[in-house]
Every structure is written in C-alpha cells, then in structure tokens.
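1. compute the structure for the input listed below.
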Amino acid sequence: MKKAYFAGGCFWCIAPVFREMDGVESVISGYCGGDEENPSYEDVKAQRTHHRETICIVYDPEKASFTDLLSVFLKSVDPFDSGGQYIDRGASYTLAVFYANEEEKNITEKLLAALSAEAGKEAAVSVEPYKTFWPAEAYHQDYDLKNPEAFARELEESGRGNVSCPLRFKRKGIK
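-> Got it, this is the predicted structure:
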C-alpha cells in the first residue's frame, strides 16, 4: 500500500471522492504542510498554523496509480483559485500536492503544466515535499457518512455541489 497527500480545500468535501475509487483502502482527513506539531482544527481553520486541510489516501498501486489519483483530484477542485476553495478561504484551504518522492513530484508538475497550457492560465496548486501528516479529530473522519444530510447541505452551500466530478457521490442522501 502507498499513500498520497492532497490538500483540496475542505477535507469533508474532497474525501468522499476518493473513497469510491477502486484500489483506495481508506481516506483520512488531517493537516499537512506546517511545522507546528499536533495542530487542531480550530487553529488550522483560523489560519494560526501553516497547515492545510489535507487528505491522506491509502491505496493499492496495483489498482490505482498516483497519476489516477492526481487526475481525479484536479477534476474535483478549482485548480485556478489561489485564495482557497469555494466558500472556504485562506491559506489553510488552498490547494497542494505533498509529494513523497521525485517520481510523484515529476508526475504532478507534468500534469499541472498540461492543465495550465490547456487552460491558458497558471494552476494555483502548490507542489511541496511531504513532511508530516496529522490526522484530524475523530468527528472529521468520514464526515459524509456520519452526517449525510449536513454534508449534502455543506456541498450545496459551499458551491461544490455543482462541480463536475468523475466520481459523483453515490451514497443515499448525498447528491
């Protein structure tokens, strides 16, 4: 099993996209990118740390490649928004790929260059070396499964409910 780390704005909104993918064993919500130890949701959300809300995807590389995961990620966010994602604003909600090795870095840079060339504008996705991932508090894990109605409202109110994503949420109660 391998791990991939993507900051895609609100982790509640991006985690379910990957849970439906073949080869994905689990998706963990958490924080990555900052140097502060054991950050809390309140501190990250209030921009008191240098962390971003991030998901850790545990996957089987025989069934899903890093390129596959990254492609889905880029289709599930607004890769050109440098101020955050949808209604979630600030540095802790900006996009990033935290790479574990040079191969992941090269794949990421290549896909971002192609995306930027196709769109005619620069993608606002930071490409950073992985440091440490801190799992978020328990109530953030699998939020969409524990709170389907509140999650559906969050998607709609955030503006993400209209996002074209190859893996639309299929669970009962989630549009």
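2. ok now do the residue nearest to the spatial centre of the chain, which residues does it touch?
-> Nearest to the mean C-alpha position of the chain, counting by CA atoms, centre = their mean, stands residue 8 at 3.2 Å. By CB atoms under 8 Å, 6 or more residues apart in numbering, the contact list for residue 8 reads 14, 53, 55, 73, 76-77, 85, 95. Yep, even glycine has a C-beta here, placed from its N, CA and C like the rest.
3. roughly how far does residue 108 sit from residue 52?
-> Going from residue 108 to residue 52 by CB to CB, to the nearest Å gives 15 Å.
4. now do residue 2
-> Counting by CB to CB, the gap from residue 2 to residue 52 is 20 Å.
5. so between those two, which is more surrounded?
-> Comparing residue 2 with residue 52 by other CB atoms under 10 Å, the one with more neighbours is residue 52, at 28 against 16.
6. from residue 80, how far off is the residue of the chain most remote from its centre?
-> The centre of the chain is farthest from one residue, residue 120, which by CA atoms, centre = their mean lies 23.5 Å away. Going from residue 120 to residue 80 by CB to CB gives 10 Å.
7. overlap in contacts of these two?
-> Taking CB under 8 Å, 6+ apart as the contact criterion, no residue touches both residue 120 and residue 80.
8. many thanks, have a good one.
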